[in-house]
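Peer 1: Below are the sequence and a predicted model for it; my questions follow.
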Amino acid sequence: MYNFKLPYILLLIPIVTYLFFRKRSQGAIKVPGIQIIKKHSTGSKKHLLGKVFIYLSTVLMILALARPQLTREGKVVKKDGIDIVIALDLSKSMEARDFNPNRLEKSKELLKEFIDKRPNDRLSLVVFGGEAYTKVPLTFDHNVLKNMISTITTDDITSNNRTAIGMGLGVALNRLKDSNSKSKVVILMTDGENNSGEMSPTGAAEVAKSLGIKVYTIGIGAKEIPVAGFFGTSYIQNKELDENLLDSIAQTTDGKYFRASDSKEFQNIFNEINNLEKSKIDSRSVYDITEYFEQFLKAALILLLIGVFFEYFKYIRIP
């Protein structure tokens with residue numbers, strides 16, 4: 001926003017305008033003829049050019065004295081974000097097509113949308129199958145995280161025919177155990193049951209509880225799986241997902257268990273987690289002020305020189 005620091009000085013402009021353009025009675029001089037002054041006749045108005053430029057120069061000087069400024073408001077944000085580790089199952093069963101195009105791709109799509117809603121948080125990615133490891137450590141660089149999520153496949157885990165939920169949770173906890181954040185969260189996403197790994201899921205949940213880390217568990221998979229047969233497609237109940245285990249992990253850590261059985265439900269789960277875990281953001285306004293008096297003075301000087309040239313050298317007015 002443009003403004004003047006000393007706006008009352010602008011009152012000089014109408015006064016100067018009056019003094020410059022008020023009519024004054026003029027005397028006369030005797031000359032032997034009028035040919036010499038015809039080209040400087042007041043009718044041509046050329047003699048006014050110098051006066052106009054000097055007037056404009058004076059106005060610009062007054063504007064400079066009034067201190068023209070451009071004020072921009074900004075905000076300094078104090079972040080009190082949350083440290084969140086996403087533990088994602090990369091077992092082969094995540095390629096099942098009960099989601100479009102499959103469970104893993106749908107998970108990746110919704111994860112990236114969730115990340116975009118958490119600009120003030122540090123996030124990390126842990127992947128697991130029969131083993132577990134950190135793919136991206138805690139970071140504020142969410143573009144790096146989203147790019148990594150875009151490229152991961154079930155082939156990133158060599159033992160992808162097994163599911164070590166306890167190991168996946170354990171590695172995620174290891175990312176958070178030294179965190180100084182007031183809120184620490186794990187989002188554990190899997191479509192199976194624990195059938196591998198040296199750490200039990202219930203033991204990992206107890207460790208999370210002792211560290212004050214909340215675990216949200218998401219069970220992925222349709223409640224009924226289509227099976228093609230000789231007489232057409234039939235549906236059987238999906239028993240691969242250990243919902244009791246995931247619910248127990250969440251309850252132990254004061255988190256919550258969610259079942260994602262279709263795309264809409266999956267989307268709502270991330271929205272709910274986003275609403276449950278809000279970052280605290282305090283902000284205060286700051287103002288960036290740019291002064292422009294120097295530019296006005298430079299322009300005034302240029303106009304003054306032009307005005308003096310026209311007034312006293314080019315178009316000399318003879319009364």
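Peer 2: Yes, it's here. Small disclaimer: the values here were computed from a predicted structure and weren't measured. Residues are numbered from 1 along each chain as shown.
Peer 1: residues in contact with Arg72?
Peer 2: Met1, Tyr287, Asp288, Ile289, Thr290 (C-beta atoms under 8 Å, 6 or more residues apart in numbering). (Each C-beta comes from the backbone N, C-alpha and C, glycine too.)
Peer 1: next one: Phe99
Peer 2: Counting by C-beta under 8 Å, 6+ apart, Phe99 has contacts Glu105, Lys106, Ile220, Ala222, Asp262, Ser263, Phe266.
Peer 1: How far does stretch 57-74 sit from its chain's centre?
Peer 2: Put simply, stretch 57-74 sits 33 Å off its chain's centre (C-alpha atoms, centre = their mean, to the nearest Å).
Peer 1: just to revisit the earlier point, got a winner among the contacts of Phe99 for most neighbours?
Peer 2: Ile220 (26 neighbours; other C-beta atoms under 10 Å).
Peer 1: Which is the succeeding secondary structure element to the helix or strand where Val171 lies?
Peer 2: For Val171, the element it lies in under DSSP states H and E is helix 165-176. Remark: after helix 165-176, the chain's next helix or strand is strand 184-190, criterion DSSP H and E.
Peer 1: elements contacting the very next helix or strand once past that following strand?
Peer 2: Per DSSP H and E, the first helix or strand lying C-terminal to strand 184-190 is helix 201-211. Judged by 3 or more C-beta pairs under 8 Å, 6 or more residues apart in numbering; DSSP states H and E, helix 201-211 is in contact with helix 165-176, strand 214-220, helix 243-252.
Peer 1: got the angle for the shortest one vs strand 184-190?
Peer 2: Right, the one you point to is strand 214-220. Relative orientation of strand 214-220 versus strand 184-190 (axes from the mean of the first three to the mean of the last three C-alpha atoms, to 10 degrees): 20 degrees.
Peer 1: Work out the gap between strand 214-220 and the centre of the chain.
Peer 2: 27 Å.
Peer 1: could you give me the average pLDDT of it?
Peer 2: Average pLDDT, strand 214-220: 96.
Peer 1: List the contacts of it.
Peer 2: 89, 94, 99, 103, 107, 169, 183-191, 205, 208, 241, 243, 246-247, 249-250, 252-260, 266, 269, 273, 276.
Peer 1: And those residues, which of them are buried?
Peer 2: 89, 94, 99, 103, 107, 169, 183-191, 205, 208, 241, 246-247, 249-250, 252-253, 255-260, 266, 269, 273 (16 or more other C-beta atoms under 10 Å).
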